[in-house]
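1. A structural model of the following input is requested.
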Amino acid sequence: MNRSGDGPLKPAREADEVRHDQQEDDEADLDPRVWVRRLRAWRESVRSRSSTNRVYRIVVGLVGGAIVVGGLVLVPLPGPGWLIVFVGLAVLATEFTWAARLEQFARKQVSAWTAWLMTQPIYIRALVGLGTALLVAAFFWVAFLIIGLPGWIPGDWVPAWTGLV
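-> Down below sits the predicted model:
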């Protein structure tokens with residue numbers, strides 16, 4: 001028996017060190033900075049070849065464009081239509097400078113509009129809210145004229161003057 005204690009404990013220390021190293025690797029994988037570095041390295045490898053770079057830019061353009069168009073379709077509806085448009089612009093801005101400039105311009109305009117609206121009296125803000133609600137109602141009215149009332153809306157709930165029954 002070894003009295004120094006190094007013999008039987010040495011494998012346990014090595015196992016602890018291996019587990020500690022694995023834990024550090026796992027924590028590094030969760031670090032967002034590691035992922036950003038990996039994504040940048042991957043993007044640079046794609047950019048280094050013109051054929052893959054062209055395909056990548058086309059895919060980014062199609063995906064970003066689809067998100068923008070989907071957001072614009074949702075703008076008159078209640079919900080995050082403008083937010084979706086900005087997400088689509090952010091996707092496009094990763095590859096196209098015109099999209100980055102457009103995104104910055106749009107952000108400035110929305111900030112200016114919000115700042116202006118917050119300085120207005122409450123009745124102006126209420127009128128803007130009412131106008132928005134009327135725009136949403138008009139959108140649904142036109143949509144229901146075209147496609148008909150959904151089955152979950154009872155027909156006797158809708159007045160005849162709307163032309164939807």
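
2. So which residues of this protein form strands?
-> Counting by DSSP state E, the chain has no strands at all.

3. Would you point out the helix or strand in it whose mean pLDDT is lowest?
-> For the chain, scoring each helix and strand by mean pLDDT, DSSP states H and E identifies helix 6-30 as the least confident one, at a mean of 59.

4. State the distance from the residue positioned nearest the centre of the chain to Glu103.
-> Nearest residue to the geometric centre of the chain (Cα atoms, centre = their mean): Val87, 4.5 Å. Separation of Val87 from Glu103 (Cβ to Cβ, to the nearest Å): 10 Å. Placement of C-beta: from N, CA and C, glycine included.

5. Next: Val91.
-> The spacing between Val91 and Glu103, counted by Cβ to Cβ, is 10 Å.

6. Then Asp31?
-> Going from Asp31 to Glu103 by Cβ to Cβ gives 28 Å.

7. Among these two, which residue is more densely surrounded?
-> With neighbours defined as other Cβ atoms under 10 Å, Asp31 and Glu103 compare such that Glu103 has more, 18 against 10.

8. Contact partners for the nearest residue to Pro80 once chain neighbours are set aside?
-> Distances taken as Cβ to Cβ, 6 or more residues apart in numbering put Leu74 closest to Pro80, at 7.4 Å, once the chain neighbours are dropped. By Cβ atoms under 8 Å, 6 or more residues apart in numbering, the residues touching Leu74 are Pro80, Gly81, Ile84.

9. which among those end up buried?
-> Among these, those classed as buried by neighbour count (16 or more other Cβ atoms under 10 Å) are Gly81, Ile84.

10. which one of the contacts of Leu74 sits closest to Gly70?
-> Comparing those against Gly70 with Cβ to Cβ picks out Ile84 as the nearest, at 6.2 Å.

11. count of neighbours near the nearest residue to the closest one once chain neighbours are set aside?
-> Closest residue to Ile84 apart from its sequence neighbours, by Cβ to Cβ, 6+ apart: Gly71 at 3.2 Å. For Gly71, the count of nearby residues is 20 (other Cβ under 10 Å).
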